[in-house]
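Participant: Structure, please.
(one chain, ligands or ions: 1)
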Amino acid sequence: MDTIQLDPSKAKSYEALHAFLQGCQLKAVEKGRSQLVSIAAESSILDPLAVLESIYEQRQQHFYIERRRDDLAIAGAEDAIRFSPSGPHRFGDAKEWMAEVLHHTIAVGDPSLPFFGPHFFCGFTFFDEVEEASPFPSSTLFVPRWQVVSSKGRCIAIANATIGGGDDVEAVAKRIWNANTKFRTFDYTVEDERSKRGRLEVLQTDECGGESAFQDAVSRALDLIDEGEFKKIVLARALDLQADQAFHPLEILNTLRERYEDCYAFSIANGKGQSFIGASPERLVSVAEGRVNVDVLAGTAPRGKTASEDARLGAGLLDSEKDRREHRIVHESVCRRLQSLGLEPKGDCHPVLKKLQNVQHLFVDVEAKLAGGIHLLDLVAELHPTPAVGGMPREAAVPRIKDHECFERGLYAGPIGWINAKGEGEFLVGIRSALVDGEKARLYAGVGVVKGSVPAREHLETNLKFQALKENLL
Ligand SMILES: C=C(O[C@@H]1C=C(C(=O)O)C=C[C@H]1O)C(=O)O
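Facilitator: Numbers count the residues shown, from 1 in each chain. A predicted model of the protein is given here:
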């Protein structure tokens with residue numbers, strides 16, 4: 001990546017921008033390959049979700065992620081460049097593609113700015129192949145045309161564009177100039193469509209495969225566990241909602257980010273009208289300042305209505321042999337997989353409680369020092385799917401999921417996240433999620449099945465997990 005140290009807010013003229021982009025085009029011609037130009041500038045404080053909402057169009061590609069607890073929100077839309085590898089080597093192919101793009105990137109701005117340079121937004125489906133009619137390909141990777149990041153009292157706006165020998169530099173310059181002007185004095189006014197529309201009503205809710213499908217599947221999985229095929233499998237349900245008007249994914253996220261501040265509120269839109277959204281409590285992996293962190297989250301209990309009921313349910317979860325085993329399976333697998341990459345995982349193996357609005361979980365944060373040469377996507381490739389959403393042993397259990405679920409997982413339980421030019425970033429696990437498609441929404445919720453699981457109880461647990469999305473969609 002070539003870095004040009006410049007304060008774009010001081011290089012104030014459109015002519016200067018145009019001349020600079022012409023220089024980039026010359027470079028593209030010299031190199032025989034288009035260049036990605038990424039211009040970063042500090043802006044006044046903006047709310048990335050509100051920015052995205054103000055320019056929202058159902059058929060526009062976008063990405064949004066926010067975790068209130070970390071005071072970090074990122075939003076971006078439209079693609080400057082994209083790639084969709086599929087199959088068993090998709091993570092490796094994605095890594096190579098990113099390296100190639102960065103090799104042909106000209107990054108402009110102050111390199112000491114947080115979030116300087118291009119960011120790759122990523123959404124990987126649970127399985128490495130998808131059906132032909134799937135709304136999302138097995139990998140979605142893109143650098144957006146524009147991006148806003150807000151973190152710890154600072155806000156960075158980024159414009160990205162690819163410039164090749166045959167591109168219309170003037171059109172690119174105009175687009176960037178207009179975006180820059182817009183972000184400097186951002187006007188949040190959007191027509192309040194919702195108040196005009198009236199309250200949304202869900203007309204129909206259908207369980208994929210029918211009412212009894214899930215409990216039957218759990219019973220069959222328990223037989224396979226008894227027969228010694230595997231120790232754990234995660235099985236999910238899908239609920240299809242039909243409303244009287246279109247769901248608005250970003251309006252739902254505004255509530256989710258407030259109510260679930262310990263979770264990642266996220267949305268990824270495919271540019272064809274569908275968005276995959278959610279409030280996930282689970283980080284698959286993050287890399288920052290030479291540290292790797294992985295959440296081990298498994299084992300679930302309801303929240304109590306009073307302090308004492310809540311504490312009793314929490315204590316019961318911590319004491320539950322079955323839930324401890326479920327958690328231990330994930331913990332051991334995560335540590336083993338980090339070790340196989342040459343990392344030394346630290347962190348207490350005794351779980352604590354992670355309390356969300358609707359449920360509480362057993363939780364451990366596993367940390368390791370990043371060793372040279374390991375890329376965030378190497379970590380994703382090794383860890384996904386952890387037994388928190390797949391099974392144990394992975395090779396025996398994960399291929400059996402499809403025999404027990406009657407819907408395609410798509411992005412449900414897949415790795416969704418971002419990577420910056422330094423290779424830092426984070427991926428969440430796409431659970432507590434929904435696929436929103438106009439007036440339709442499909443909600444997902446799953447549970448870990450181990451020896452001792454009871455089908456009716458697992459069914460209740462999925463009902464609790466559905467709550468996060470269900471109560472906010474309506
Ligand atoms: C699979 C899901 O959640 C996972 C399963 C859990 C469990 O079985 O206790 C807990 C947290 C998650 O790792 C889901 O929410 O869909």
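Participant: Point me to the residue of the stretch 1-150 of the chain nearest the ligand.
Facilitator: For the stretch 1-150 of the chain, the residue closest to the ligand is F126, as judged by Cβ to the nearest ligand atom, at 10.5 Å. To be clear about C-beta, it is placed using only N, CA and C from the backbone, and glycine gets the same treatment.
Participant: helix/strand/coil for that residue?
Facilitator: coil (DSSP: H, G, I helix; E, B strand; the rest coil).
Participant: Kindly report the same for the one 4 residues further on.
Facilitator: With three-state DSSP as the basis, V130 sits in coil.
Participant: Which parts of the stretch 251-400 of the chain are helices?
Facilitator: 307-319, 321-340, 376-383, 394-404 (DSSP state H, counting those that start in this stretch).
Participant: got the residues of this structure near the ligand?
Facilitator: Residues of the chain lying near the ligand by Cβ under 6 Å from any ligand atom: 234, 236, 282, 297-300, 361, 388-389, 431-432, 445-448, 465.
Participant: from those, which ones fall inside strands?
Facilitator: Among the residues of the chain next to the ligand, DSSP state E puts 234, 236, 297-300, 361, 445-448 in strands.
Participant: Narrow those to those that are buried.
Facilitator: 234, 236, 297-300, 361, 445-448 (16 or more other Cβ atoms under 10 Å).
Participant: Now render those as JSON lines, adding distance to K346 and pLDDT.
Facilitator: Supplementary listing: these in JSON lines, determined by distance: Cβ to Cβ, whole Å; pLDDT from 0 to 100:
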{"residue": "V234", "distance to K346": "26", "pLDDT": "98"}
{"residue": "A236", "distance to K346": "32", "pLDDT": "98"}
{"residue": "L297", "distance to K346": "18", "pLDDT": "97"}
{"residue": "A298", "distance to K346": "19", "pLDDT": "96"}
{"residue": "G299", "distance to K346": "21", "pLDDT": "96"}
{"residue": "T300", "distance to K346": "25", "pLDDT": "97"}
{"residue": "H361", "distance to K346": "21", "pLDDT": "98"}
{"residue": "A445", "distance to K346": "32", "pLDDT": "98"}
{"residue": "G446", "distance to K346": "29", "pLDDT": "98"}
{"residue": "V447", "distance to K346": "29", "pLDDT": "97"}
{"residue": "G448", "distance to K346": "25", "pLDDT": "96"}
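Participant: With respect to L203, which of those residues is nearest?
Facilitator: For those, the closest approach to L203 (Cβ to Cβ) belongs to A445, at 21.1 Å.
Participant: who's in contact with the closest one?
Facilitator: Neighbouring residues of A445 by Cβ atoms under 8 Å, 6 or more residues apart in numbering: 236-237, 431-432, 462-463, 465-466.
Participant: quick one on the thing from earlier: in TSV: the ones in strands among the residues of the chain next to the ligand, plus distance to R184.
Facilitator: Output for those, formatted as TSV (distance: Cβ to Cβ, whole Å):
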residue	distance to R184
V234	47
A236	45
L297	41
A298	46
G299	48
T300	46
H361	43
A445	43
G446	44
V447	48
G448	49
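Participant: Show me which parts of stretch 219-234 are buried, residue by residue.
Facilitator: By 16+ other Cβ under 10 Å, the buried positions in stretch 219-234 come out as 220-222, 224-225, 230-234.
Participant: hmm, which two among the residues you listed are most spread apart?
Facilitator: It's R220 and K231 that sit farthest apart of the buried residues of stretch 219-234, by Cβ to Cβ, at 15.7 Å.
Participant: dump the residue contacts of the residue nearest to V450 when sequence neighbours are not counted.
Facilitator: Of all residues not flanking V450 in the chain, K232 sits nearest, at 4.9 Å (Cβ to Cβ, 6 or more residues apart in numbering). By Cβ under 8 Å, 6+ apart, the residues touching K232 are 225, 326, 329, 387, 391-392, 397, 448-450.
Participant: hmm, 7 Å instead?
Facilitator: 326, 329, 387, 391-392, 397, 448-450 (Cβ atoms under 7 Å, 6 or more residues apart in numbering).
Participant: If we only consider the ones in strands among the residues of the chain next to the ligand, which is nearest to E405?
Facilitator: Distances from E405 to these, taken by Cβ to Cβ, are shortest for A236, at 6.0 Å.
Participant: Isn't that closest one up against E405?
Facilitator: Yes: using Cβ atoms under 7 Å, A236 is in contact with E405, at 6.0 Å.
Participant: what about the stretch 201-350 of the chain, any weak spots by pLDDT?
Facilitator: Scanning the stretch 201-350 of the chain for pLDDT under 70 picks out nothing.
Participant: The stretch 1-150 of the chain too?
Facilitator: 7-11.
Participant: would you list every one of the helices in it?
Facilitator: Going by DSSP H, counting those that start in this stretch, the stretch 1-150 of the chain shows helices at 14-31, 48-54, 90-103.
Participant: Could you list the residues in contact with the longest one?
Facilitator: Put plainly, it is helix 14-31. Contacts of helix 14-31 (Cβ under 7 Å, 6+ apart): 34-35, 37, 104, 106, 163-165, 167, 169-170, 172-173, 176-177.
Participant: Would you mark the buried spots in it?
Facilitator: Neighbour-count burial for helix 14-31 flags 17-18, 20-21, 24-25, 27-28 (criterion: 16+ other Cβ under 10 Å).
Participant: N160 looks like it's in a helix, true?
Facilitator: No: using three-state DSSP, the secondary structure at N160 is strand, not a helix.
Participant: sorry, back to before: okay, the residue of the stretch 1-150 of the chain closest to the ligand and F407: tell me how far apart.
Facilitator: 11 Å (Cβ to Cβ, to the nearest Å).
Participant: what do you get for G117?
Facilitator: Distance, G117 to F407, using Cβ to Cβ: 38 Å.
Participant: Settle it for me: which of these two has more neighbours?
Facilitator: Applying other Cβ atoms under 10 Å to G117 and F407 shows that G117 carries more neighbours, namely 21 against 18.
Participant: mind listing what that one touches?
Facilitator: G117 makes contact with 1, 38, 40, 107, 420-421 under the criterion Cβ under 7 Å, 6+ apart.
Participant: Torsion angles phi and psi at the closest residue to it other than its chain neighbours?
Facilitator: Closest residue to G117 apart from its sequence neighbours, by Cβ to Cβ, 6+ apart: A421 at 3.5 Å. In terms of degrees, to the nearest 10, the main-chain angles of A421 are phi -70, psi -20.
Participant: pretty sure A421 is touching M1, no?
Facilitator: Yes: contact criterion Cβ under 7 Å: A421 and M1 qualify, at 5.8 Å.
Participant: what is in contact with those two at once?
Facilitator: Common neighbours of A421 and M1 (Cβ under 7 Å, 6+ apart) are 102, 107, 117.
Participant: For the closest residue to the first one other than its chain neighbours, the count of nearby residues, please.
Facilitator: Nearest residue to L102, sequence neighbours excluded (Cβ to Cβ, 6+ apart): M1, at 4.9 Å. For M1, the number of neighbouring residues by other Cβ under 10 Å comes to 16.
Participant: try G417
Facilitator: Counted with other Cβ under 10 Å, G417 comes out at 28.
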